[in-house]
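Undergrad: Next one to model:
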Amino acid sequence: MSEVNQTSAGDKYRPGRHPASLAALARFQVLFPNHRRCVHCNRTALRGKPFCRSHAGGGRAKRQLQAKAGRGERRALWQMHAMGLLPPELLAHPAWRAIASLPTAVRSPLRLRMVQLWDAREVEPLAFADIVRQARQAAERVAPMRGVAWDAE
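TA: Residues are numbered from 1 along each chain as shown. Presented below is the predicted three-dimensional model:
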């Protein structure tokens with residue numbers, strides 16, 4: 001090799017400390033277990049956001065729900081169902097089935113209130129009858145969601 005092709009970069013930087021070397025970049029690498037995680041699914045989150053690619057919502061326009069109404073009640077009902085706490089008699093009740101096609105903002109609060117009053121229906125029958133009446137009125141008054149057909153029997 002001639003002297004023209006040789007550089008003095010080796011004299012200036014210690015081995016692995018040259019800014020253009022891969023070894024220098026490895027010092028600043030964030031290891032996979034230390035990445036920020038998505039708050040929904042625990043996958044690796046996007047830079048500067050608490051969500052992963054699928055939960056960031058940038059790919060398609062999502063319809064915004066008004067103040068996320070009914071979502072907390074829906075999650076509580078789902079957890080009760082997953083633990084087996086919803087009685088089969090309540091799930092077969094005509095008022096429960098009549099509000100199945102209503103939007104979450106209307107359906108979930110009514111259903112959660114029905115679950116809360118189910119055990120007390122023997123002691124306080126008027127309270128349970130009142131929530132059943134509210135559910136039937138909501139089923140008549142609120143337009144059902146498109147694409148959902150449910151028999152009220």
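
Undergrad: Give the other helices and strands that the helix or strand residue 108 falls within contacts.
TA: Element membership of residue 108 [criterion: DSSP states H and E] is helix 104-118. Helix 104-118 sits against helix 71-82, helix 88-91, helix 94-98, helix 125-141, with contacts defined as 3 or more C-beta pairs under 8 Å, 6 or more residues apart in numbering; DSSP states H and E. C-beta coordinates here come from the backbone N, C-alpha and C atoms, glycine included.

Undergrad: Residue 143: neighbour count?
TA: Neighbourhood size, residue 143 [other C-beta atoms under 10 Å]: 8.

Undergrad: does it sit in a helix, a strand or a coil?
TA: Assigned by DSSP: H, G, I helix; E, B strand; the rest coil, the conformation of residue 143 is coil.

Undergrad: if we can go back for a sec, in a markdown table, list the helices and strands packed on helix 104-118 along with mean neighbour count and distance to residue 19.
TA: Formatted as a markdown table, the helices and strands packed on helix 104-118 follow (neighbours: other C-beta atoms under 10 Å; distance: least, C-beta to C-beta, whole Å):
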| stretch | mean neighbour count | distance to residue 19 |
| --- | --- | --- |
| helix 71-82 | 14 | 49 |
| helix 88-91 | 11 | 65 |
| helix 94-98 | 18 | 66 |
| helix 125-141 | 15 | 66 |
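
Undergrad: Among these, which comes closest to residue 108?
TA: Nearest to residue 108 among those is helix 71-82; the distance by C-beta to C-beta comes to 3.8 Å.

Undergrad: ok, and what's touching that closest one?
TA: 65, 86, 104, 108-109, 111-112, 115 (C-beta atoms under 8 Å, 6 or more residues apart in numbering).

Undergrad: just the residues you listed now: which is nearest residue 134?
TA: residue 109 (9.7 Å).

Undergrad: need the contact list for the closest one.
TA: With C-beta under 8 Å, 6+ apart, residue 109 has these contacts: 70, 73.
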